[in-house]
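Chemist: give me a model of this one.
(2 chains)
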2 protein chains.
Amino acid sequence: MKAMAIMEHGGPENLQLMDLAEPVPGDFDLLVETHACGMNPVDFKKRQFALGGPAEFPLILGFDVSGVVVGLGSRVEGFQEGDLVYASPSLARNGCNAKYVLVDYRTAAQRPKTLDHNGAAAVPLVILTAWESLYDRTAVEPRQNVLIHAGGGGVGHVALQLARLRGCRIITTASSEASLALCRELGADVIINYREENVVDRVLAETDGKGCNVVFDTVGGPVFEQCFQCLALNGSIVTITPTQTDKIADGLFFKNATLHCEFMGVPSIFGINIESQGEILRQAAELIDSDRLKVRVGRTYPLEDLAEAHRYQESGHTTGKIVITVKD
Amino acid sequence: MKAMAIMEHGGPENLQLMDLAEPVPGDFDLLVETHACGMNPVDFKKRQFALGGPAEFPLILGFDVSGVVVGLGSRVEGFQEGDLVYASPSLARNGCNAKYVLVDYRTAAQRPKTLDHNGAAAVPLVILTAWESLYDRTAVEPRQNVLIHAGGGGVGHVALQLARLRGCRIITTASSEASLALCRELGADVIINYREENVVDRVLAETDGKGCNVVFDTVGGPVFEQCFQCLALNGSIVTITPTQTDKIADGLFFKNATLHCEFMGVPSIFGINIESQGEILRQAAELIDSDRLKVRVGRTYPLEDLAEAHRYQESGHTTGKIVITVKD
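Modeler: Next up is the predicted model:
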């Protein structure tokens, strides 16, 4: 089958078009014909080996798929050939930058009816990440002050909508015109242009000096360090990018606070609570089809231009999701 | 009134017997005649200034009291003069190493009927800390593997019982004969003598290599660092001693895990959710009076020997709680 894959860790130039063997479904797998792939920072991190862990080559990346079921493992329930499905394939196996990909049926759901494959491929990983972060790890509540860093980003703009659906008051950060506009369109209550003003000062001014009940860090580095100053007593920080700093222990203790490190790969890699991800995608499809949730697609690239897409993703200044079209 | 107090931060020799003015209750305060004080590490930490924060001198320590209500603020409800009460006085005001102490009535409860003042004074701070940690911050569940470090210590031996009441499988650490015996008596499932065997190896061996769902660190330092290796996927660490280490971010992320930093002083210092502590002490009194929960008293000292009690507490090798008798 046609695939873009790497033979060793390194730069985007390592991505090569190859003809590889079709995968054979295990008992719980759907064999999915890929129509479109969503891109996420995990693609370039795995390409660079930044996440560590074992790898076998050729290694196919791509961990968001929308496609058609063309084969079924012996223990699959609730799916049949021809189903239009979407899912985030396991980070521990080959991804979907290829004609076919294996997906554990418990992590998959029927694609939203109102989206095409390109639109659906943009959804799974960011929805799972934001949902697990704000609805499962923390449980955001109406009228809570919630700070979402990078509200125009892939995970950020979904988190913003999920917090809004729960009735939270949303403070978010952005800098590009496109991201600022997206945050406004999605109904953020306070939008801070972090290039023009001090984020901590503004957050405290907007919350009577109390800080936010929940702070969601989708950026890491210095942004993660800021989270502690933006946090209210008894508050929770959720981060999706592990960042070492000497502020963690004291920053949490004197506020009686909590740090959640969210890694959406755990259920599919380790098979723990794996059904939860299929269920989240079913609920997300309903929200999307009833126009209460949208995932913005930014640029699309054909599979052959995957290296270019990696370079753009890695720039860190994308608005909306990047989608790779595999089969039109 | 008679009080042991310090005129500046420093060693135990700074504690001096003084004659100080009686405190005057605010609207929400009980004026409590102190019969006994419990001691906790926070006493020597505040004496040393290890917690920082503002201080006015003379400063009276002692943050566990059992005594008799002898005065009431104008907005107090549910208490009257003569009530036998117990509470953990606010860490932001003078403590109870004195003839009288002020206690916000919302943080107080009637003393367990089956305990005398010495027994009751040992209870509040450790119960509040363990309860908030295991029942509120995390919610331990039946059959979960729970690791409690220092199960013979003040907070540890209460945490062990609270986890046991919820049906958890309890792994704990201790080294002195007295602490090992206390852990056995309280029904720990696995007791690791940390001087004789490797804690991480044993925890993994006892959990099929999976680690514990909840790890409760009451010790800090190198013990805190061990927590990450003892933790299961999707697990939670609760610590009551902030310790900086470069293991936090990665240690949590790849396990999709959570770190709760528990500081029981927040409700009374900041007045947030302050009623919850009185409610916990009411429930604890029921558990104690029905013989389902006990707080072990180790040594008792008269108020005049408070400096000696501080030295013993600071040694870090106490079993059971230290109690200071103020009025027999």
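Chemist: skipping adjacent residues, who's closest to residue A:200 in space?
Modeler: Leaving aside its sequence neighbours, residue A:200 sits nearest to residue A:229 (Cβ to Cβ, 6 or more residues apart in numbering or on different chains; 4.6 Å). (Each C-beta comes from the backbone N, C-alpha and C, glycine too.)
Chemist: got the contact list for the one you found?
Modeler: Taking Cβ atoms under 8 Å, 6 or more residues apart in numbering or on different chains, we find residue A:229 in contact with A:200, A:204, A:211.
Chemist: now, of those residues, which are buried?
Modeler: When the contacts of residue A:229 are checked for burial by 16 or more other Cβ atoms under 10 Å in any protein chain shown, the buried set is A:204, A:211.
Chemist: which one of the contacts of residue A:229 is nearest chain B?
Modeler: Closest approach between the contacts of residue A:229 and chain B, by Cβ to the nearest Cβ: residue A:211, at 12.2 Å.
Chemist: quick check: closest non-adjacent residue to the closest one.
Modeler: Closest residue to residue A:211 apart from its sequence neighbours, by Cβ to Cβ, 6+ apart: residue A:232 at 4.0 Å.
Chemist: which SS state does that neighbour fall under?
Modeler: Secondary structure state of residue A:232, per DSSP: H, G, I helix; E, B strand; the rest coil, is strand.
Chemist: quick one: contacts for it?
Modeler: Going by Cβ under 8 Å, 6+ apart, the list of residues near residue A:232 reads A:145, A:207, A:210, A:211, A:212, A:213, A:255.
Chemist: one step back: same list (the contacts of residue A:229) but as TSV, adding pLDDT.
Modeler: Shown next, in TSV, are these (pLDDT from 0 to 100):
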residue	pLDDT
A:200	98
A:204	98
A:211	98
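Chemist: could you dump the contacts of residue A:229 into a markdown table and include secondary structure?
Modeler: Below are the contacts of residue A:229 laid out as a markdown table (three-state DSSP):
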| residue | secondary structure |
| --- | --- |
| A:200 | helix |
| A:204 | helix |
| A:211 | coil |
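Chemist: relative to residue A:203, how far out is the residue nearest to residue A:200?
Modeler: Distance from residue A:229 to residue A:203, counting by Cβ to Cβ, to the nearest Å: 8 Å.
Chemist: residues that sit against both of those two, list them.
Modeler: With Cβ under 8 Å, 6+ apart, residue A:229 and residue A:203 have common neighbours residue A:211.
Chemist: report the distance from the host helix or strand of residue A:126 to the chain centre.
Modeler: Per DSSP states H and E: residue A:126 is located in helix A:124-131. Its chain's C-alpha centre and that of helix A:124-131 lie 5 Å apart, by Cα atoms, centre = their mean, to the nearest Å.
Chemist: the helix or strand that that helix is followed by pairs with which strands, parallel or anti?
Modeler: Next helix or strand after helix A:124-131 toward the C-terminus (DSSP H and E): strand A:145-148. Strand pairing for strand A:145-148, determined by DSSP bridges: strand A:169-174 (parallel), strand A:212-217 (parallel).
Chemist: and the angle for the helix holding residue A:126 with strand A:212-217?
Modeler: 150 degrees (axes from the mean of the first three to the mean of the last three Cα atoms, to 10 degrees).
Chemist: what helices and strands are in contact with helix A:124-131?
Modeler: Judged by 3 or more Cβ pairs under 8 Å, 6 or more residues apart in numbering or on different chains; DSSP states H and E, helix A:124-131 is in contact with strand A:29-38, helix A:154-165, helix A:275-289.
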